[in-house]
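Asks: Have a look at this prediction, sequence included:
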Amino acid sequence: MTRRAALLLGLGAATLPAWPAPFLGVALMTGVVLLLVALDWALAVPLHALTATRDGDRTVRLDGTATVTLRLANGSDRTLYAQVRDAWVPSAGARPDVPPERVLTVEPGGVAALPVRLTPTRRGDRPAAALTVRSLGPLRLAFRQRAGRPGTPAWTLRALPRFDSRRHLPEKLSKLRIIDGVQVTRGRGQGTEFDTLREYVIGDDVRSIDWRASARRADVLVRTWRPERDRRLVCVLDTGRTAAVRVGDEPRLDTAIDAALLLTALAARAGDRVDLLAADATVRATVTGSGRPALLARLVDAVAPLQPALVETDFELIAGEVLRRERQRSLVVLFTALEPGALGEGLLPVLPRLAARHRVVLAATHDPVLTGLTAGPPATPDDAYAAAAAWRALAERERVRAALSRHGVTVVDAPADRLAPAVADTYLRLKSLGQL
Amino acid sequence: MTAVPAPPRPAAAAHPRRRHRLLIPLAVAVLLIVVTLVLHAVDQPDPDDPGFLSPVATGADGGSRLAAALRGQGVPVRRETDTERALAAARTGPSTLFVPAPDLVQPAVLRDLGYLPPGSRLVLVDPSRRAVDGLDLPLLPAGRRWATRVSTPDADGRPCPLPEAGRAGAAAAERQRYAVPADSAADRCYRGGLVRVPGRTEVVVIGASDPFRNDRIDEWGNRDLATGLLGGARPVVWLDLPGPEPAPTGPSASPTPGDGDRSGRGTGDGRDPGSDGREPDRAGERPPWDNPLWDAFPAWFWALLAQLALAGLLVLLWRARRLGPPVPEPLPVTVRSAETVLGRARLYRRAGARDSAAETLRAAARDRLLPRLNLPADAAPAEVAARVAAYTGDDPDRVAELLHGAAPENDQELLALARDLDALTRTVAHPTEGDDPR
């Protein structure tokens, strides 16, 4: 039934005073309206004659807008009048170009295109939830509607992380080039490796002459050096309970992803191989650094659906995974929180094994609330207690930090907006010192 | 039409427990109310029950003990199961006509009950408004109680002129109360539970059946009240109707119902049995289910209402079908930052842990001061105080008290300590900034 059927019956009621037998009139008019409704229902396009398909964007960067088009094909030999609601999850931010109230008209055999503009409000996979088609009859008195018919074409829009720290990339790359340049002019040194032998030309550093090679040849040969390449870098994202904490206006995990992306972009440009591991109680995502050109894209795709889970992170598992995957010595960057409970009981017992094989950097987001509590003079007794609690938390962090440093772990503890450049700087410093 | 109903959706009831929490107390309350109502209805005697206030019924709501008491006083009791015969018996001379269930009497013959020989008395038990109006009594049913109340005849402060009530004293007569207009000569007792209307036939209306019932007759002054009302020199004619009286039947069908019919019967004293015949026509004309509202509006009005209701039903069917279900989505977990730190601060506050809070603050201040002043971490307290005092120009004792003193006594002292430590470390960290305020 639609509004029209009720309206028809209601308007018919106005004629009742003129009927000689009013109750007969009621029966007659109700019967006629019901008959019309039944007729209209029979004439509506059957739902099984409709097919829905989708095409459009599969991924969108967060804050961007994607368009996914739903195509509704009318396979029957009647004209389709339909209201269509294409429901997405609320966080997909779907805005259909055709509002669901509007009645579409599709000729027999025709296809209606229904674009939907999506502006996701959260990172991750945003699926299309349900398609509902209401096929109206030609009189618009009745409609056919059934859940799951036509079936909802599955579609998932992946909202990629924003990668705000992209703006730091040019500066870090220029630093990288300086390191390159310095290394090349300085010749042999820390952080360089043997590249090739070539003939001596005037102006080369005489200390670079390889006398043994020159003795085998007629020419004088010099060794050339270049910055170390093909180092290995492992980004480990902790997606456990500490990653769910909101620092600033985003979870700690998002900050860590941002920093990991900058690090990956930089390392890929420097010619290093980057692996990624995201884990809490289980392994959530892994990316291995083969296939260098599309590495960043693959990495972004892999980390996009990650969500923090309210479980304690299993550092035993993480250490085991890293040791199993990385045979060569690598730089392991662990993105987690500098929290005494989680690290003291989880990470410290397995750290010796990890630190013996790899160089470990721990990148943690500094909580600005703690700094705020300890910075100013307290105004009320509550502030004094809060300051005491904050100082105590800071002291505990300091202890954890000292314990980590004893194992040779470099700790980067920076506020959320400074974490990505700080981690990149640490990487560049280690690279220039040849400690990778 | 919407035709096919949607297949069952995944249960949207996410909070069954919350619903139960609301529904269970409500259900218990409704159950209690229903049980109470049912028990009350079962407990209350119903004038429709067979044997209700019948002189031969020995059940709880029968009247055999009252009849025996009357006979014991030498009052002849004559039981009649038919109104016409009871009227005929009562009209043989001054008598008491006892009607325990006046609502079972046909409305048409009700008025005849008031035309008895002079000196007669008519006793009605709990008559409804219809019965009161039918007898043209100057009464109005006023309030009805949930259960009968025992009261004294002059409970509401007005003297009770009925000698029977005066003799009986406190009795259970007040359930239905009757209001008497100010200008009428009627006497009222028991807060209006008992009213006597004088006239050619004295009419006594009592609002409760308790004084006459077998189960209650021995309580309070019920027996005296009942025998007083029914006894005396007159014989008692007890109208014991087994159920609603059938409409009298007879051959003489009159097309003019109503007053003419009644007046004819009212004047003719002796020919009551012959007047049965007028009833069926009236009954046929105005069946009990007939509502006068029907005729108040034309038929098309009711048809219009019916059709509008049908249209409303269609509107309901239209609005009831939604265009697809609402879409659920799991929300990401959010943990506020520094949650544990703030929680620990509140715990400190609640436990009044001023000593450990002060010690934490002092330790933190020392940790900041010592590297500044190039002191080792295990420097003696006196040395630390002396160096700090020398740096800032404060009194060494005061600095020593600040850095290694006793725990504060109250929150204000803790606040002062926290402020002083903050100022001290600030002074040492930024000497130029700290100097200005001093």
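Replies: That came through, no problem.
Asks: Please enumerate the strands of the stretch 151-300 of chain B.
Replies: Here the stretch 151-300 of chain B has its strands, by DSSP state E, counting those that start in this stretch, at B:171-179, B:187-189, B:194-197, B:202-206, B:236-239.
Asks: what's the closest of these to A:Leu28?
Replies: Of all the strands of the stretch 151-300 of chain B, strand B:171-179 sits nearest to A:Leu28, with 51.0 Å by CB to CB. For the C-beta atoms, the positions are set from N, CA and C on the backbone; glycine is no exception.
Asks: Now that closest one: buried residues?
Replies: Neighbour-count burial for strand B:171-179, counted by 16 or more other CB atoms under 10 Å in any protein chain shown, picks out B:171-178.
Asks: can you list the residues of the stretch 151-300 of chain A near chain B?
Replies: Listed as neighbours of chain B in the stretch 151-300 of chain A under the rule CB under 8 Å from any CB of the partner chain: A:241, A:244-247, A:251.
Asks: coming back round to it: want to throw the strands of the stretch 151-300 of chain B into TSV with distance to chain A?
Replies: TSV is the format used below for those (distance: least, CB to the nearest CB, whole Å):
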stretch	distance to chain A
strand B:171-179	42
strand B:187-189	51
strand B:194-197	48
strand B:202-206	46
strand B:236-239	45
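Asks: May I see those strands arranged in TSV, with distance to A:Arg406 and mean pLDDT as well?
Replies: Shown next, in TSV, are those (distance: least, CB to CB, whole Å; pLDDT from 0 to 100):
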stretch	distance to A:Arg406	mean pLDDT
strand B:171-179	94	84
strand B:187-189	103	81
strand B:194-197	103	85
strand B:202-206	103	86
strand B:236-239	111	84
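Asks: So which of the ones you listed is nearest B:Ala363?
Replies: Among the strands of the stretch 151-300 of chain B, the nearest to B:Ala363 by CB to CB is strand B:171-179 (83.4 Å).
Asks: Packing partners of the closest one?
Replies: In this structure, strand B:171-179 packs against strand B:140-151, helix B:222-230, with contacts taken as 3 or more CB pairs under 8 Å, 6 or more residues apart in numbering or on different chains; DSSP states H and E.
Asks: Please identify the most buried of those.
Replies: Among the helices and strands packed on strand B:171-179, helix B:222-230 has the highest mean neighbour count (mean count of other CB atoms under 10 Å in any protein chain shown), at a mean of 23.
Asks: tilt between it and strand B:171-179?
Replies: Counting by axes from the mean of the first three to the mean of the last three CA atoms, to 10 degrees, helix B:222-230 lies at 50 degrees to strand B:171-179.
Asks: how far off strand B:140-151 does helix B:222-230 point, in degrees?
Replies: Per the same axes, to 10 degrees, the angle that helix B:222-230 makes with strand B:140-151 is 140 degrees.
Asks: Break down the stretch 51-200 of chain A into its strands, ranges please.
Replies: A:59-61, A:66-74, A:80-88, A:94-96, A:104-106, A:111-118, A:124-136, A:143-145, A:156-160, A:192-199.
Asks: want to throw those strands into TSV with mean neighbour count and mean pLDDT?
Replies: Listed next are the strands of the stretch 51-200 of chain A as TSV, based on neighbours: other CB atoms under 10 Å in any protein chain shown; pLDDT from 0 to 100:
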stretch	mean neighbour count	mean pLDDT
strand A:59-61	18	90
strand A:66-74	19	93
strand A:80-88	22	92
strand A:94-96	18	91
strand A:104-106	16	92
strand A:111-118	17	93
strand A:124-136	21	91
strand A:143-145	23	91
strand A:156-160	21	92
strand A:192-199	13	72
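Asks: Same list (the ones you listed) but as JSON lines, adding distance to A:Val412.
Replies: Listed next are these as JSON lines, based on distance: least, CB to CB, whole Å:
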{"stretch": "strand A:59-61", "distance to A:Val412": "26"}
{"stretch": "strand A:66-74", "distance to A:Val412": "35"}
{"stretch": "strand A:80-88", "distance to A:Val412": "39"}
{"stretch": "strand A:94-96", "distance to A:Val412": "39"}
{"stretch": "strand A:104-106", "distance to A:Val412": "56"}
{"stretch": "strand A:111-118", "distance to A:Val412": "36"}
{"stretch": "strand A:124-136", "distance to A:Val412": "26"}
{"stretch": "strand A:143-145", "distance to A:Val412": "57"}
{"stretch": "strand A:156-160", "distance to A:Val412": "25"}
{"stretch": "strand A:192-199", "distance to A:Val412": "25"}
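Asks: Ok, which of the ones you listed comes nearest A:Gly341?
Replies: A:Gly341 lies closest to strand A:124-136 among the strands of the stretch 51-200 of chain A, at 27.5 Å (CB to CB).
Asks: what's the angle from the lengthiest helix in chain B to strand B:140-151?
Replies: Of all the segments of type helix in chain B, defined by DSSP state H, the longest one is helix B:16-43. Counting by the same axes, to 10 degrees, helix B:16-43 lies at 90 degrees to strand B:140-151.
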